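Asker: sequence first, then the predicted structure, then my questions.
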Amino acid sequence: MLKILLAILIIINLAVFVLLAVGVIASINAGGGNVLFPGLGLVVALPLVLALVFVIEMILIGVTLIVYRFIDKKL
């Protein structure tokens, strides 16, 4: 069960990393910009969104490492 959770966490980590990489590339090519959240009526600067996605990525990596170490101890 934990190995399935670990596989799902790794897939999520890769997906968030790809989003972060695409966001950084878009920021470099477009020179910054804003992100519009239509349902909320909110406009947020792209560097803030990239910083938040980076924090989320670090938290996900930490959780993945904790699950991996827990699985490694059980074996």
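Answerer: Done, it's in.

Asker: what's the first helix or strand after the helix or strand of the chain with the lowest mean pLDDT?
Answerer: Ranking every helix and strand in the chain by mean pLDDT, DSSP states H and E puts strand 34-37 at the bottom, with a mean of 74. Following strand 34-37 in sequence order, the next helix or strand is strand 42-45 (DSSP states H and E).

Asker: buried sites along that next one?
Answerer: For strand 42-45, burial by neighbour count (16 or more other C-beta atoms under 10 Å) applies to no residue. The C-beta positions use only the backbone N, C-alpha and C, and glycine is treated the same way.

Asker: now do the next helix or strand along the chain from that strand: which elements does it pack against?
Answerer: As assigned by DSSP H and E, the chain's next helix or strand after strand 42-45 is helix 46-74. Applying 3 or more C-beta pairs under 8 Å, 6 or more residues apart in numbering; DSSP states H and E, one finds that helix 46-74 contacts helix 2-30, strand 34-37.

Asker: at 6 Å what do you get?
Answerer: Contact here means 3 or more C-beta pairs under 6 Å, 6 or more residues apart in numbering; DSSP states H and E; on that basis helix 46-74 packs against helix 2-30.

Asker: and the residue lying closest to residue 20 once chain neighbours are set aside, what pLDDT?
Answerer: Take residue 20 and drop its neighbours on the chain: the residue closest to it by C-beta to C-beta, 6 or more residues apart in numbering is residue 53, 5.0 Å away. On pLDDT, residue 53 comes in at 93.

Asker: the closest residue to residue 45 other than its chain neighbours: neighbour count?
Answerer: Residue nearest to residue 45 in three dimensions, not counting chain neighbours: residue 34, with 5.9 Å by C-beta to C-beta, 6+ apart. By the criterion of other C-beta atoms under 10 Å, residue 34 has 11 neighbours.

Asker: same check on residue 4?
Answerer: 8.

Asker: can you tell me how far it is from residue 19?
Answerer: Per C-beta to C-beta, to the nearest Å, residue 4 is found 23 Å from residue 19.
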